[in-house]
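S.K.: Just need the structure, nothing else, for what follows:
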Amino acid sequence: MQAFRTAATVIDGLDAAALDLKIATNTLKDLKGVGPKTAAVVVQAHKGEVPDYLTKLEEDLAELVPLADDVAEFRAALRGDLHVHSDWSDGGSPIREMAEAALALGHEYMALTDHSPRLTVANGLTAARLERQLDEVAALNEELAPFRILTGIECDINADGSLDQTDELLGRLDVVVASVHSDLRADAKSMTARMLTAIANPHTDVLGHCTGRLVIGRRQRDGTQKPRPESQFDADAVFAACVEFGTAVEINSRPERLDPPKRLLRQAVEAGCDFAIDTDAHAPGQLDWQGNGCERAVECGVDPDRVVNTWPADRLLDWTG
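M.R.: Numbers count the residues shown, from 1 in each chain. Sure thing, here's the model as predicted:
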């Protein structure tokens, strides 16, 4: 996606005559930021053709199995997504494009939850950048109403359980997803204490991808893909705290996460937790992943009314407030 965005920016900088010349002389690839695949797409699109690259993607997607009726019904009950990233942190698309994609899926709202400053590898937002993002969201909300972009953050849970942003800014946000991204192999006692402190924080609304596992490993430098095991913690204590402090347990719908595992999801149901079925989307198409979470919710006996993003925005914001 980033490669195509880069190529589009380069092509936008050419006037019509320069683009025609580059295509005629087969020198698009000489432009910095345009490679063989992106050049082929540019040529076909410029001719008014549907690029072969896009046709292949659409054919592959056409083979996806439709959701079962009960899962589709659960998915239809969701009014929004509470864990979404943009190009302000490690997402690939502007806020507007993420919001327009959510709107096209029938969502009434979307919480923008870019990363907090500690996660520098994901271009986490400093306090000053988050302030600027709030201004942009306010302007977009005026344009996109009645659809609503909820202000938010995916806030790192520090080793001592504190949240990685100022209390003043956290207090101004609509939705705070608190997640562990570091020291995932800590012992169960330390991890439990860390999570309990974060859950008890009055700013925390959703506990993100609680085990931190990856069922499909991310590609390593040597080309291998290594899954990541679950973090170890006292699930009874963590889920009891979520109930006590009104923190929803996230059902993360990313195919490589599917977190929590079903045994823990059933345990959270038994404990009486609320839930948020989120995509953790980093691109517009990923907003359609909620079916993954809904399938697991149906299988594990989650009551749709206990899923906070089935609620209207006003009820949700009363709860987060």
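S.K.: Quick one: the strands in this structure, in order.
M.R.: In the chain, the segments counted as strands under DSSP state E are 80-84, 109-112, 148-156, 175-179, 206-207, 214-219, 225-228, 248-252, 275-278.
S.K.: export the ones you listed to TSV and tack on distance to residue 259?
M.R.: Placement of C-beta: from N, CA and C, glycine included. Converted to TSV, those look like this (distance: least, Cβ to Cβ, whole Å):
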stretch	distance to residue 259
strand 80-84	11
strand 109-112	18
strand 148-156	14
strand 175-179	10
strand 206-207	10
strand 214-219	9
strand 225-228	10
strand 248-252	4
strand 275-278	10
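S.K.: got a list of what residue 38 touches?
M.R.: Listed by Cβ atoms under 8 Å, 6 or more residues apart in numbering, the contact set of residue 38 reads 3-4, 6-7.
S.K.: Skip the chain neighbours and tell me the closest residue to it.
M.R.: Once flanking residues are discounted, residue 38 sits nearest to residue 7: 3.7 Å by Cβ to Cβ, 6 or more residues apart in numbering.
S.K.: next one: residue 295
M.R.: Leaving aside its chain neighbours, residue 295 sits nearest to residue 71 (4.8 Å; criterion: Cβ to Cβ, 6+ apart).
S.K.: show me what contacts the one you found?
M.R.: Neighbouring residues of residue 71 by Cβ under 8 Å, 6+ apart: 291, 294-295, 298.
S.K.: at 6 Å what do you get?
M.R.: With contact taken as Cβ atoms under 6 Å, 6 or more residues apart in numbering, residue 71 is in contact with 294-295, 298.
S.K.: Which of those ranks first by neighbour count?
M.R.: Using other Cβ atoms under 10 Å as the neighbour test, these are led by residue 294, with 27 neighbours.
S.K.: surely that one meets residue 73?
M.R.: No - if you go by Cβ atoms under 6 Å, residue 294 and residue 73 don't touch, sitting 8.8 Å apart.
S.K.: before we move on, the earlier item: who wins on neighbours among the contacts of residue 38?
M.R.: Counting by other Cβ under 10 Å, top hit in the contacts of residue 38: residue 7 with 20 neighbours.
S.K.: hang on, that one packs against residue 36?
M.R.: No - the pair residue 7 and residue 36 fails to qualify as a contact (Cβ under 6 Å) at a distance of 10.8 Å.
S.K.: Only alpha carbons, please: show the worst-scoring helix or strand of the chain on mean pLDDT as PDB.
M.R.: Ranked by mean pLDDT, DSSP states H and E, the weakest helix or strand in the chain is strand 214-219, scoring a mean of 84. This file holds the C-alpha atoms of strand 214-219, laid out as PDB (Å, rounded to 0.1, in the frame of the first residue of the first chain):
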ATOM      1  CA  LEU A 214       0.700 -13.600  17.200                       C
ATOM      2  CA  VAL A 215      -0.800 -16.800  15.700                       C
ATOM      3  CA  ILE A 216       0.800 -15.800  12.400                       C
ATOM      4  CA  GLY A 217       4.300 -14.500  13.000                       C
ATOM      5  CA  ARG A 218       5.500 -11.200  11.400                       C
ATOM      6  CA  ARG A 219       8.200 -11.600   8.800                       C
END
